[in-house]
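Chemist: How does the following fold in three dimensions:
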Amino acid sequence: MEQWIGLVAGALTTAAFVPQVMRAWRTGSTNDLSRGMLLLFFAGLSLWLVYGVLTRQLPVILANIVTLMLTAVLIGLKVRGPADPLSRRPGATHLRIFWRRTLTHFAISLGLLGVSLLIGIWGYAYYEHLSWRDAFLNAAMILGGMGPVKTDLSEPGKVFAGVYALYAGLVVIAVAGLLLGPGVHHLMHHVHWDDTPDGP
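Modeler: Predicted coordinates for the structure are as follows:
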């Protein structure tokens, strides 16, 4: 029960951070955010992550990993600052869009993997009564394509493991598409593959 409370609390506090990151991406402005606050917050999250690893508390580890990534995005935007007039050239603008899309897709992929991992942890803990560490190991092995560690499953557990394995395969395809998409689009733009013909 304590683990469930910790997982829900971590998910809520992490999700509360997402709108700020999305707003900063959309507007490109971080003027309302203090650089010192972000750096101190990042340092605090890093120490919480170390604490979670040392005490083997999965909710603390997962929540702080995701929030660290989101904070790193905000720090990157803050350090970059507003675009200068020279960066408004078409090539520079497209390169800036490329990096923004790449980081955005990376953040989405990270969130999708995190949610998928939590689903697997819940399923193995609920159907097979595994500890949170063993459930994490089995879910991570399936998402990583290595296969589960525990194979002597109950009948409901077999159904869950099969459905989760199919779902994990789709997640891998989706994440691969998200991560490769900005690079492929940038390459097409660079060689003008996306130009429409002028006509015969």
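Chemist: Residue 102: what's it in contact with?
Modeler: By CB atoms under 8 Å, 6 or more residues apart in numbering, the contact list for residue 102 reads 182-183. (C-beta placed from N, C-alpha, C; glycine too.)
Chemist: right, and the helix or strand after the helix or strand hosting it?
Modeler: Following DSSP states H and E, one finds residue 102 within helix 90-128. Proceeding N to C from helix 90-128, the next assigned helix or strand is helix 132-143, under DSSP H and E.
Chemist: got the contact list for that following helix?
Modeler: Contact with helix 132-143 is made by 3, 56, 58, 113, 116-117, 119-125, 128, 130, 147-150, 161, 164-165, 168, 171-172, as judged by CB under 8 Å, 6+ apart.
Chemist: May I see the buried residues of that helix?
Modeler: 132, 134-143 (16 or more other CB atoms under 10 Å).
Chemist: now the angle from that helix to helix 90-128?
Modeler: Angle of helix 132-143 versus helix 90-128, following axes from the mean of the first three to the mean of the last three CA atoms, to 10 degrees, is 130 degrees.
Chemist: Would you mind extracting the C-alpha trace of helix 132-143 into PDB?
Modeler: Extracted C-alpha coordinates of helix 132-143, given in PDB (Å, rounded to 0.1, in the frame of the first residue of the first chain):
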ATOM      1  CA  TRP A 132       8.400  -4.200  -6.600                       C
ATOM      2  CA  ARG A 133      12.000  -4.800  -7.600                       C
ATOM      3  CA  ASP A 134      11.200  -8.200  -9.200                       C
ATOM      4  CA  ALA A 135       8.200  -6.700 -10.900                       C
ATOM      5  CA  PHE A 136      10.400  -3.800 -12.200                       C
ATOM      6  CA  LEU A 137      13.000  -6.300 -13.500                       C
ATOM      7  CA  ASN A 138      10.400  -8.400 -15.400                       C
ATOM      8  CA  ALA A 139       8.700  -5.300 -16.900                       C
ATOM      9  CA  ALA A 140      12.000  -3.700 -17.900                       C
ATOM     10  CA  MET A 141      13.200  -6.900 -19.500                       C
ATOM     11  CA  ILE A 142      10.000  -7.200 -21.600                       C
ATOM     12  CA  LEU A 143      10.200  -3.500 -22.700                       C
END
